[in-house]
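Student: Turn this into a structure:
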Amino acid sequence: MTIRTNKKILIAIILCLASFLFLGTAGTVRGFEGPLNIRNSFPLFLSIGSPSIISAEAENSVDLNLMYSSTYLVNTSGEWSFNLDLEAAIIDLQIKRLFFGDSVELSLDIPVLSFNSGFFLDGFLESYHSALGFPDYGRSNRPPNDFLFEVTHNGRTVVAGKSGEIALGDIRMGIKKAVYVKDPYVSLYGFVEFPTGDPESGYGNGALDTGVALLVNKGIGDSVMTYFNAGAVFTDSFRAEETIDLEDYLYGAAGVEWLYSGNLSLNTQFFIQGSPFRNTGIRAIDEVATILSFGGRYRINPGRFLEFSFSEDTNTAGAPDFMVGFGYRYKF
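Tutor: Below you'll find the model as predicted:
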């Protein structure tokens, strides 16, 4: 990612942060459950830090989330060849635990990944793009339901994925510390991602990744809570069949949660992320990824929630064509 791109993301993050800090009046925090659990499921970025928007408030909870996405990218430059035509299923088990009262949260994120052919979504995507007149990225030029996941650099294979495998991804440990607990609610967050996934098959990157972020929650009245994250991911390399140097990158996110009723909240979220790859000459890899998400959370009973979401790639770069998510949360 170029310095100019880094500056663009940094300026956008600063402007968003300023707007959130000076919005409206404080609202009650009771009933707000935080942003939806959505992570960028683009296969090549999934194991390189993979940040997501989170709440500044700490909690005791267990979350089980499923993200299902479809990605199509077939492109070649002078040095690189990216060939992806697949669906990805990501199951995340997230455990969060409070320490020292409610000011410190330790978290553990255990992802299980599976890459598959387009059996479920290829037919739907063809109808979806045709009905709305959207481009299909060249997907129609390939056989339907055919799996493809291969990345090469200077003619040498970097990643060669297999269809139908179920494997552990890179496990993450995080710590969150509140620094201002009124309005806005502000915390600092840091994480370490361990290389537990197999990089040669695309389940990890084979290196230790770390990240830091500033988290802000800002209430507007009694029924709206806004969330803002601004962070950076520090990475080293992609150590698969060939070792590829990577770049540190910035990310930012903003979200709105509206308490529609006592049992239902509706969410809108926007996520932006720089590319961890150096200049590949392929726009879909080099450009900033942006993801717009809609969804909600339904309270089954006190402490138990169901979650649903739909996410769209708004910049046709660095993200799946679209993602759907479902989740279950237990707070204790």
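
Student: distance of Phe228 from Gly211?
Tutor: Shown here: Phe228 relative to Gly211, a distance of 16 Å by C-beta to C-beta, to the nearest Å. Every C-beta, even on glycine, is put in place using the N, C-alpha and C of the backbone.

Student: Which one's more surrounded, these two?
Tutor: Neighbours per residue (other C-beta atoms under 10 Å) separate Phe228 from Gly211, with Phe228 holding more: 25 against 22.

Student: these two touch, right, that one and Lys218?
Tutor: Yes - contact criterion C-beta atoms under 8 Å: Phe228 and Lys218 qualify, at 7.3 Å.

Student: Next, the buried residues of stretch 319-332.
Tutor: Residues of stretch 319-332 classed as buried: 319-323, 325, 327, 329 (neighbour count, 16 or more other C-beta atoms under 10 Å).

Student: now, which of the residues you listed lie within helices?
Tutor: Residues of the buried residues of stretch 319-332 located in helices (DSSP state H): none.

Student: Redo the residues you listed as JSON lines? Include distance to Val288.
Tutor: Listed next are these as JSON lines, based on distance: C-beta to C-beta, whole Å:
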{"residue": "Ala319", "distance to Val288": "10"}
{"residue": "Pro320", "distance to Val288": "15"}
{"residue": "Asp321", "distance to Val288": "17"}
{"residue": "Phe322", "distance to Val288": "18"}
{"residue": "Met323", "distance to Val288": "17"}
{"residue": "Gly325", "distance to Val288": "22"}
{"residue": "Gly327", "distance to Val288": "26"}
{"residue": "Arg329", "distance to Val288": "30"}
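
Student: how about those, which pair is most distant?
Tutor: Farthest pair in the buried residues of stretch 319-332 (C-beta to C-beta) is Asp321 and Arg329. Separation: 26.9 Å.

Student: on that earlier part again, which members of the buried residues of stretch 319-332 are positioned in strands?
Tutor: Judged by DSSP state E, strands contain the following of the buried residues of stretch 319-332: 322-323, 325, 327, 329.

Student: Among the buried residues of stretch 319-332, which has the minimum pLDDT value?
Tutor: Ranked by pLDDT, the buried residues of stretch 319-332 bottom out at Phe322 (86).

Student: what's near enough to touch Glu200?
Tutor: Contacts for Glu200 (C-beta atoms under 8 Å, 6 or more residues apart in numbering) come out as 159-160, 240-241.

Student: What of Val158?
Tutor: 151-152, 238, 240-242, 244.

Student: ok, now Val186?
Tutor: With C-beta under 8 Å, 6+ apart, Val186 has these contacts: 56, 178-180, 214-217.

Student: okay, those residues in JSON lines with distance to Arg97 next?
Tutor: Shown next, in JSON lines, are the contacts of Val186 (distance: C-beta to C-beta, whole Å):
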{"residue": "Ala56", "distance to Arg97": "17"}
{"residue": "Ala178", "distance to Arg97": "15"}
{"residue": "Val179", "distance to Arg97": "19"}
{"residue": "Tyr180", "distance to Arg97": "22"}
{"residue": "Leu214", "distance to Arg97": "22"}
{"residue": "Leu215", "distance to Arg97": "17"}
{"residue": "Val216", "distance to Arg97": "22"}
{"residue": "Asn217", "distance to Arg97": "20"}
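
Student: Among those, name the buried ones.
Tutor: 56, 178, 214-217.

Student: check which helix or strand covers the nearest residue to Gly161 once chain neighbours are set aside.
Tutor: Distance criterion C-beta to C-beta, 6 or more residues apart in numbering; nearest residue to Gly161, sequence neighbours excluded, is Phe149 at 3.1 Å. Taking DSSP states H and E as the definition, Phe149 sits inside strand 148-153.

Student: tell me which strands and helices that strand is in contact with?
Tutor: The helices and strands touching strand 148-153, judged by 3 or more C-beta pairs under 8 Å, 6 or more residues apart in numbering; DSSP states H and E, are strand 80-99, strand 156-160.

Student: Please name the spatially closest residue to the residue nearest the centre of the chain (chain neighbours excluded).
Tutor: Closest residue to the average C-alpha location of the chain: Arg39 at 2.1 Å, with C-alpha atoms, centre = their mean. Leaving aside its sequence neighbours, Arg39 sits nearest to Ser52 (C-beta to C-beta, 6+ apart; 4.4 Å).

Student: So that neighbour versus Ser293, what's the distance?
Tutor: For Ser52, the distance to Ser293 - C-beta to C-beta - is 10 Å.

Student: When those two are compared, which one has more neighbours?
Tutor: Ser293 (22 against 19).

Student: Nothing else from me, thank you.
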